[in-house]
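S.K.: when you get a sec, could you give me coordinates for this:
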Amino acid sequence: MKDRIRVAIVGVGNCASSLIQGIEYYRYNSNSIGLMNYDLEGYKPGDIEVVAAFDVDKRKVGKDINEAIFAKPNNTKVFKKDIESNGTVVKMGKRLDGISEHMKDYPEGRTFIPSNEGPCDIVRELRISNADILLNYLPVGAEEATRFYAECCLKAGVALINNIPVFIASDEKWAKRFKDRGLPIIGDDIKAQLGATITHRTLTRLFRDRGVKLDRTYQLNTGGNTDFLNMLNRSRLGSKKVSKTEAVQSQLDTPLEAENIHIGPSDYVPWQNDNKVCFLRMEGRMFGSVPMNIELRLSVEDSPNSAGVAIDAIRCCKLALDRKISGALIAISAFTMKHPPVQYPDTVAKEMVREFIGGGEKYQEFDYGWDPKENAKVIPNLDESGSKGF
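M.R.: This next block holds a predicted model:
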């Protein structure tokens, strides 16, 4: 029997709701529909237990986690309603820059209602809960808050999975601090199971592999959850645009000029709720420089789309803890995150993760101080860029 995987969550929003629903759903459904791995080296989704949670919304603070995930403004699809309580209560977190000021101008059912409680001692709560891993589900743009919780992980001796576009795992100094502390870290900015960025990356790779020159492209996304409402404040989108754009650019031999690529949220449409709609256009030239284009419309429930990826990231992070591997986990970050420490094509990252899961040395995690040229030596047919040659 494997140990339970004890996780803490900061930000009890739609993504946390889908994740917790999924843990319970797959605890009693042994089919692997919707999962990349049901059994991952002995760890199954039902082995994950949420032992601590932090939020700043008064409708969630003080509530049992399994009640809080259904509180407003959460509006994701409910696919598993009856969830057995383990006694975990949502504690008041540290607000910092976690909530954009413009959110107060929207109806209560759509936005945050800040709690008046003072923040709990985060480090103490992480320690007494015996959490193995902290999942960061703070809103986009919560730069200061993310760094605060990363510091708490280092003090409490807890691994970190950074699911938002604040650069921690992909930052040399932060990654080194986690390595020196003997803790693994995965990040940054979680990919969806089959979402806008992973689809855009795949098509970009297809253009390259089939000899079609990509000249320009855009990805426009709309949604009606608090993530899209939060992102109406464009000043919070700097790292988000970098993360999503780099994820696509990394698939090309020569990056597109900035004027020829636009990737980012487009607008907030309240009635879409947690449904995300992506409008994608790619223009290129094929044989004889004859022009062609692709237009695609993708509609997905946004939060469940990331939950299956998160479940694999959690279990790989626990394997790293079991094996005493620390620092930025290169393979699983490349496979599950938009802005990992090193970008690899998704098919290659998948094979690297398989090797890591199996405990093989072929794609073992690298010592900190990575260099794509150096790392390329362990990947067959990988040329100097670290993201080409497949």
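S.K.: for Pro139, see how far away Ala159 is.
M.R.: Here Ala159 is placed at a distance of 22 Å from Pro139 (Cβ to Cβ, to the nearest Å). Every C-beta, even on glycine, is put in place using the N, C-alpha and C of the backbone.
S.K.: for the strand or helix carrying Ala349, name the packing helices and strands.
M.R.: Using DSSP states H and E, Ala349 maps to helix 346-358. With contacts taken as 3 or more Cβ pairs under 8 Å, 6 or more residues apart in numbering; DSSP states H and E, helix 346-358 sits against helix 196-209, helix 304-322, helix 330-336.
S.K.: beyond the longest one, next helix or strand please.
M.R.: Tracing the chain C-terminally past helix 304-322 and defining elements by DSSP H and E, one meets strand 327-328 next.
S.K.: how far is that following strand from where the chain is centred?
M.R.: 16 Å (Cα atoms, centre = their mean, to the nearest Å).
S.K.: and the end-to-end length of stretch 325-341?
M.R.: 16 Å (Cα to Cα, to the nearest Å).
S.K.: give the buried residues for the helix holding Ala349.
M.R.: Neighbour-count burial for helix 346-358 flags 346, 348-349, 351-353, 355-357 (criterion: 16 or more other Cβ atoms under 10 Å).
S.K.: the inter-axis angle of it versus helix 196-209?
M.R.: Orientation of helix 346-358 against helix 196-209 (axes from the mean of the first three to the mean of the last three Cα atoms, to 10 degrees) gives an angle of 120 degrees.
S.K.: for helix 346-358, C-alpha coordinates in PDB please.
M.R.: Extracted as PDB, the C-alpha positions of helix 346-358 are listed here (Å, rounded to 0.1, in the frame of the first residue of the first chain):
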ATOM      1  CA  ASP A 346       4.800  17.400 -25.900                       C
ATOM      2  CA  THR A 347       5.400  14.000 -27.400                       C
ATOM      3  CA  VAL A 348       9.000  14.000 -26.100                       C
ATOM      4  CA  ALA A 349       8.000  15.300 -22.700                       C
ATOM      5  CA  LYS A 350       5.500  12.500 -22.500                       C
ATOM      6  CA  GLU A 351       8.200   9.900 -23.000                       C
ATOM      7  CA  MET A 352      10.500  11.700 -20.500                       C
ATOM      8  CA  VAL A 353       7.700  11.500 -18.000                       C
ATOM      9  CA  ARG A 354       7.200   7.800 -18.700                       C
ATOM     10  CA  GLU A 355      10.800   7.200 -18.000                       C
ATOM     11  CA  PHE A 356      10.700   9.200 -14.800                       C
ATOM     12  CA  ILE A 357       7.600   7.300 -13.600                       C
ATOM     13  CA  GLY A 358       9.300   4.000 -14.300                       C
END
